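Undergrad: got a structure for you, letters missing:
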Ligand SMILES: O=P(O)(O)OC[C@H]1O[C@H](OP(=O)(O)OP(=O)(O)O)[C@H](O)[C@@H]1O
Ligand SMILES: Nc1ncnc2[nH]cnc12
């Protein structure tokens, strides 16, 4: 599928989860018989060489991240919401477009000095991805690229990632919040 065809599979839900937010819902894309595979193929085209591991952010980043890891022939590192991992973790707090949260990783999963490709469904303010990149770097990973299915460029997340030395790319963009 073309990027434009994929883009038409994203459902926009106004005023979710709060008034003023245009929620870009990827459930309609992944439920399509070709949508998930096509999105992952486009992500794989954007991936840099020599990826040692793919890291995906809970929850929607797990869907694309795990599939991309299989496509690239790497392992998958889950970046989890706080309190879910059964071992000693490192954590970061971050602000969201609507709220705040904490994410954690098991640092022993990160290949030392290896390139860790960060993946999520969507980048808005970039708070989540920046926190994840910071965690993966603290654990010894080389994080120079992050891939998203959707970028909301007006919220500045991709630019914030670039300022932190992480090149951000996405399969599609949506204007507005
Ligand atoms: O760029 P940001 O402003 O940080 O926002 C983007 C993040 O917000 C969404 O996740 P959410 O926290 O809603 O969790 P979910 O995947 O569990 O639905 C989305 O999947 C990204 O992870
Ligand atoms: N506008 C949006 N749509 C879907 N997920 C989001 N996560 C943060 N902002 C979002």
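TA: Sure, I can see it. A quick note: this is a predicted structure, and the numbers were derived from the prediction, not measured. Residues are numbered from 1 along each chain as shown. Ligands and ions are numbered 1, 2, ... in the order given.

Undergrad: what sits opposite the spatially most central residue of the chain in the beta ladder?
TA: Nearest residue to the geometric centre of the chain (Cα atoms, centre = their mean): residue 120, 1.4 Å. Per DSSP bridges, the residues bridged to residue 120 are residue 148.

Undergrad: shouldn't it be in contact with residue 59?
TA: No. At 10.1 Å, residue 120 and residue 59 do not qualify as touching, with contact defined as Cβ atoms under 8 Å. Heads up, the C-betas are built off the backbone N, CA and C, glycines and all.

Undergrad: So which residues on the chain come close to ligand 1?
TA: 57-61, 96-97, 101, 120-129, 157 (Cβ under 6 Å from any ligand atom).

Undergrad: Kindly recompute the last result at 5 Å.
TA: Residues of the chain lying near ligand 1 by Cβ under 5 Å from any ligand atom: 57, 59-60, 97, 120-128, 157.

Undergrad: Phi and psi next, for the residue of the chain most remote from its centre.
TA: Within the chain, the residue lying farthest from the chain centre (Cα atoms, centre = their mean) is residue 19, at 24.1 Å. The phi/psi pair for residue 19 (degrees, to the nearest 10) reads phi -60, psi 140.

Undergrad: Over to residue 6?
TA: Per-residue torsions, residue 6: phi -60, psi -40 (degrees, to the nearest 10).

Undergrad: How about the contacts made by it?
TA: Going by Cβ atoms under 8 Å, 6 or more residues apart in numbering, residue 6 touches 29, 35, 38, 39, 42, 171, 172.

Undergrad: now the residues you listed as TSV including neighbour count?
TA: Output for these, formatted as TSV (neighbours: other Cβ atoms under 10 Å):
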residue	neighbour count
29	27
35	19
38	19
39	28
42	18
171	22
172	20
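
Undergrad: Inside strands: which ones of those?
TA: 171, 172 (DSSP state E).

Undergrad: What is the nearest of the contacts of residue 6 to residue 67?
TA: For the contacts of residue 6, the closest approach to residue 67 (Cβ to Cβ) belongs to residue 39, at 8.4 Å.
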